[in-house]
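Peer 1: Okay, sequence plus prediction incoming.
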Amino acid sequence: MTGRRPRWARLLAPVALVATVFALFTIVTSGSGGDGTNGGGDGGSPAKATATATAAGGKAKPAARTTGAKTYRVKPGDTPSSIAEDTDVPLETLLDLNPTVDPQALSPGQKLKLRP
């Protein structure tokens, strides 16, 4: 019997793999919510939404959304559509207000107009 592993040790690796896959699946599906199907449509509290976005690796909403700021400073990873969503400014309006900006080449620190 030397050199053989106990029966429970042979079963431990597949069980750990299944548990890890299940945990990963749960985290990914609970954090998506981009299509509006997550959350039941009740809106939820802002603190809950921020905690969910942060836990899922997303970004919290910037202050520009609540303060009505006239400009937005581009952060790494921002896209025109994500900026429009975060600031509640329609994408078309954002692009019209910034005609000299190349949407495919946004640079962190760059300022964009949000309001005329």
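Peer 2: The structure has been received and is ready for your questions.
Peer 1: CA atoms for contacts and neighbours, from now on please.
Peer 2: OK.
Peer 1: Okay, the closest residue to Pro116 other than its chain neighbours and Glu85: tell me how far apart.
Peer 2: Nearest residue to Pro116, sequence neighbours excluded (Cα to Cα, 6 or more residues apart in numbering): Leu97, at 7.0 Å. Distance, Leu97 to Glu85, using Cα to Cα, to the nearest Å: 16 Å.
Peer 1: Val89 and Leu114 touch, don't they?
Peer 2: Yes - at 6.8 Å, Val89 counts as touching Leu114 under the criterion of Cα atoms under 8 Å.
Peer 1: and those two? which has more neighbours close in?
Peer 2: More crowded of Val89 and Leu114, by other Cα atoms under 10 Å: Leu114, with 24 against 16.
Peer 1: Now do the helices in the protein.
Peer 2: 7-31, 46-55, 64-67, 80-87, 91-97 (DSSP state H).
Peer 1: Nearest to Gln104, out of those helices?
Peer 2: helix 80-87 (8.5 Å; Cα to Cα).
Peer 1: Mean confidence (pLDDT) on that closest one, please.
Peer 2: Across helix 80-87, pLDDT averages out at 93.
Peer 1: helices and strands around it, which ones?
Peer 2: helix 64-67, helix 91-97 (3 or more Cα pairs under 8 Å, 6 or more residues apart in numbering; DSSP states H and E).
Peer 1: what ranges of the protein fall below the confidence cut-off?
Peer 2: Applying pLDDT under 70 to the chain flags residues 1-3, 5, 31-68.
Peer 1: one more time with 90, if that's ok
Peer 2: 1-69, 103, 115-116 (pLDDT under 90).
Peer 1: buried residues in stretch 72-92?
Peer 2: For stretch 72-92, burial by neighbour count (16 or more other Cα atoms under 10 Å) applies to 72, 74, 79-80, 83-84, 86-87, 89, 91.
Peer 1: Please consider this matter closed, and thank you.
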